[in-house]
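Trainee: Just to be clear, the model below is a prediction. Sequence and coordinates:
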Amino acid sequence: MLICIPGVNPQGTMQNSWQSDNHCLSNLSLKLLYLHAELFHSHHGLLEEYVQSLFDEGIVNDQFSQIQTLKSMEQPDLVVQLIDAYLVDVEMILSELTSYSDFPDVDFSKVTLLAHKVKDRSSCFIRALGWIKKEFSCTQDKLESYAQMERRIIRLESRQKGKACTPTNSA
């Protein structure tokens, strides 16, 4: 570990205060850059473990892996955008299904394929809808956690790129 002593360079020779301060700041910048890189790799590792747990629980499948491959340097938040859109769409569908379930006589012609599948068991429709909503809520929480981790990684990557591209004053 390098310790910065004001007025002394790493070779032990004397230098003016400005040079010493600049050298200490450069070392601090490098340490911060390494720390950002470690955090970045740590977050990626946690994210990969979390995704594996989602696979293990059956929350996501191979289609999710395909969606993850769509992420690119130009659009690093694409997966997050797709998750957000999915969650909004499913919430709207569940809300619509819930509104139909509030009627004493459910008009199954107005609901989606799911309603047609449960038409013969209309008495189970409300219970099935409750179960679907509960499962979706669980899935939503887990996907939102994934999206939150992904956002953190994107922010860390952009900060790291910004620091790597920032020119240093060496004159």
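Mentor: That came through, no problem. Numbers count the residues shown, from 1 in each chain.
Trainee: Distance check, residue 94 against residue 137.
Mentor: Distance, residue 94 to residue 137, using CB to CB, to the nearest Å: 9 Å. Just so you know, the C-beta spots here come from the backbone N, C-alpha and C atoms, and that holds for glycine as well.
Trainee: The two: which is more packed in?
Mentor: residue 94 (16 against 12; other CB atoms under 10 Å).
Trainee: Would you confirm that the more buried one contacts residue 134?
Mentor: No. With contacts counted by CB atoms under 8 Å, residue 94 stays clear of residue 134, the gap being 10.5 Å.
Trainee: any common contacting residues for these two?
Mentor: Counting by CB atoms under 8 Å, 6 or more residues apart in numbering, no residue touches both residue 94 and residue 134.
Trainee: With residue 145 as the reference, measure out to residue 89.
Mentor: 19 Å.
Trainee: Which one's more surrounded, these two?
Mentor: More neighbours surround residue 145 than the other of residue 89 and residue 145, with 13 against 10 (other CB under 10 Å).
Trainee: What strand or helix carries that one?
Mentor: Per DSSP states H and E: residue 145 is located in helix 122-165.
Trainee: quick check: mean pLDDT across that helix?
Mentor: What helix 122-165 shows for mean pLDDT is 79.
Trainee: Lowest average confidence across helices and strands of the chain, where is it?
Mentor: helix 113-117 (a mean of 52; mean pLDDT, DSSP states H and E).
Trainee: And stretch 66-78, what's buried?
Mentor: Using 16 or more other CB atoms under 10 Å as the test for burial, stretch 66-78 gives residue 71.
Trainee: how far does it stretch from start to finish?
Mentor: 12 Å (CA to CA, to the nearest Å).
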